[in-house]
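Dropping a prediction and its sequence here:
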Amino acid sequence: MQYRLDLRSGNRLSILGFGCMRFSRGVGGIDIQKAERLILRAIEAGVNYFDTAYLYADSETALGTILARNNLREKVYLATKLPISQCRSSADFDRFFSAQLAALHTDFFDYYLMHNINSLAQWNELCDLGIQAWIAAQRTAGKIKQIGFSFHGTRDEFAKLLDAYDWDFCQIQYNYSNEHYQAGVSGLKKAAAKGIPVIIMEPLLGGRLANGLSQAAAHAFRTVNADASPAAWGLRWLWNQSEVTVVLSGMNEPAQLEDNLAVADASQAGMLTEDERTAYHRVIEIFKTTDKVSCTGCSYCLPCPQGVNIPACFASYNASYTHGRLASLIMYITSTAATRERNALASKCVHCGKCEQHCPQRIKISRELTAVKRRMEPFWFGWLMKRMRKRAK
């Protein structure tokens, strides 16, 4: 296993982290026995970073149970997240935090995140509730070692968030299929320049870059390396970048784990050959053939007066044709904060045209956002978001 240094804490973190959102499930919930076998094997192989969240149904309980009964808590760095969408007062911070400590059978968290912050405005709302004083109290008590946030907004908002607080680390969605999506490569480099470790989520876009490649894309990779799996191509692209600290993989099958371990063992920054770089470019060009909107994610169209996250709307819309409806819908919901009253959905567009004055691609943004709304917000979408908001309250 290869390790990279967290400059803030001095911790040596395995470049492969275990993402616990996608544990295998059966009729009765998470398959604890299967998850346990995978976790024990991962730790044996040197994986030491485990990521879960309150909102990952029963994931914290499963992970905590496995670590406790195998006496493994001290051998791993444990990361989980505060469900800020459900916090209405400072009392909620304590309520969720206590439940998480109990579920994970621990007295402290090595890495603790504000879950799914999309904008500086969201952070300011938390500050109004007293989050900074609460964090300080938990750190003084030794219950939180490193504090960070996970992000699904625009790169401009990411830059603002990085500067808004003295963060110890951050977590972003990042993969080769769209390096300018959300925080993107510019956000990665900005965080690294500040000495902030960057944890990568969705490196394979929910598995679509591992199991959902078109024949043409898969062939482009095979012509350069017939032995490397599509997942390996996704992971190696990330580990080639020195700014990436840990890549989270939601491994729920032994074969997936072993493949990822083998790739991690042999990966280091700057390892890609010119032929391999060319293969990525070819695959990206193949993806673009299905793009409906030629958005480059430059964000010149922002800020939208109505708050629409225009680049994210187009990225999710394009992904729906490349990677399928389910993966793209999840992208759309997270990156537009669809479950919040103050969201950034395409349906908020009022066709003012301000964005189109700044678009270097001359995209008819208002017209295209209507198409995004039609595809990404089907008739049941509004009902579902209302239900999710109600549950969050």
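Thanks, I have it.

drop to CA atoms for contacts and neighbour counts, all remaining ones
Will do.

Look up how far residue 55 lies from residue 47.
Here residue 47 is placed at a distance of 23 Å from residue 55 (CA to CA, to the nearest Å).

Mind checking which of these two has more residues around it?
residue 47 (25 against 15; other CA atoms under 10 Å).

Contact partners for the more buried one?
1, 14-18, 76 (CA atoms under 8 Å, 6 or more residues apart in numbering).

And the helices in the stretch 101-250 of the chain, which stretches?
Ranges of helices in the stretch 101-250 of the chain, per DSSP state H, counting those that start in this stretch, are 120-128, 131-140, 155-164, 184-193, 208-211, 215-222, 230-239.

Show me the one of these that comes nearest residue 369.
helix 155-164 (19.6 Å; CA to CA).

List the buried residues for that closest one?
155-159, 161-162 (16 or more other CA atoms under 10 Å).

Let me have these in a markdown table, extended by pLDDT and distance to residue 366.
Listed next are the buried residues of helix 155-164 as a markdown table, based on pLDDT from 0 to 100; distance: CA to CA, whole Å:
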| residue | pLDDT | distance to residue 366 |
| --- | --- | --- |
| 155 | 83 | 21 |
| 156 | 87 | 21 |
| 157 | 89 | 22 |
| 158 | 92 | 25 |
| 159 | 93 | 26 |
| 161 | 95 | 28 |
| 162 | 95 | 31 |
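
Looking at those residues, which is nearest residue 295?
The closest of these, once distances to residue 295 are taken by CA to CA, is residue 155, at 14.6 Å.

hang on, isn't the closest one packed against residue 188?
No. Contact between residue 155 and residue 188 fails when scored by CA atoms under 8 Å: they sit 9.7 Å apart.

Tell me the one of the buried residues of helix 155-164 nearest residue 23?
residue 158 (29.0 Å).

Now that closest one. Nearest residue, chain neighbours left out?
Closest residue in space to residue 158, ignoring its immediate chain neighbours: residue 183 at 5.8 Å, by CA to CA, 6 or more residues apart in numbering.

With residue 261 as the reference, measure out to that neighbour.
27 Å.

Compare the two (neighbour count), which wins?
residue 183 (26 against 21).

Quick check: which ranges of the stretch 201-350 of the chain have low pLDDT?
The model of the stretch 201-350 of the chain has pLDDT under 70 over residues 296.

And the strands in it?
246-249 (DSSP state E, counting those that start in this stretch).

now do the stretch 1-150 of the chain
3-5, 12-14, 16-19, 25-26, 29-30, 49-51, 77-82, 109-117, 144-151.

Determine which of these shows the lowest mean per-residue pLDDT.
For those, mean pLDDT drops lowest on strand 25-26, to a mean of 80.

mind listing what that strand pairs with, with the direction of each?
Using DSSP bridges, the strands paired with strand 25-26 in its sheet are strand 29-30 (antiparallel).

what's next to the strand it pairs with, contact-wise?
23-24, 58-59, 62.

Same question for stretch 57-67.
The set of residues external to stretch 57-67 that reach it, using CA under 8 Å, 6+ apart, is 20-21, 23, 29-30, 32, 36, 52-54, 73, 100, 103-106.

Figure out which of the helices of the stretch 101-250 of the chain is closest to residue 363.
Smallest distance to residue 363 across the helices of the stretch 101-250 of the chain (CA to CA): 19.8 Å, for helix 155-164.

now the angle from the closest one to helix 120-128?
Compare the direction of helix 155-164 with that of helix 120-128 by axes from the mean of the first three to the mean of the last three CA atoms, to 10 degrees and you get 30 degrees.

How far does stretch 351-370 sit from its chain's centre?
Relative to the centre of its chain, stretch 351-370 is centred 28 Å away, using CA atoms, centre = their mean, to the nearest Å.

next one: stretch 252-260
With CA atoms, centre = their mean, you get 20 Å for stretch 252-260.

Pull out the C-alpha coordinates of that stretch and format them as PDB.
Written as PDB, here are the backbone C-alpha positions of stretch 252-260 (Å, rounded to 0.1, in the frame of the first residue of the first chain):
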ATOM      1  CA  ASN A 252     -18.600  -4.300  -2.000                       C
ATOM      2  CA  GLU A 253     -17.200  -7.300  -3.700                       C
ATOM      3  CA  PRO A 254     -13.900  -9.200  -3.100                       C
ATOM      4  CA  ALA A 255     -12.800  -8.800  -6.700                       C
ATOM      5  CA  GLN A 256     -13.300  -5.100  -6.600                       C
ATOM      6  CA  LEU A 257     -11.200  -4.800  -3.400                       C
ATOM      7  CA  GLU A 258      -8.400  -6.900  -4.800                       C
ATOM      8  CA  ASP A 259      -8.300  -5.000  -8.100                       C
ATOM      9  CA  ASN A 260      -8.200  -1.700  -6.200                       C
END
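
Now do the buried residues in it.
In stretch 252-260, counting by 16+ other CA under 10 Å, buried: 252, 257-258, 260.
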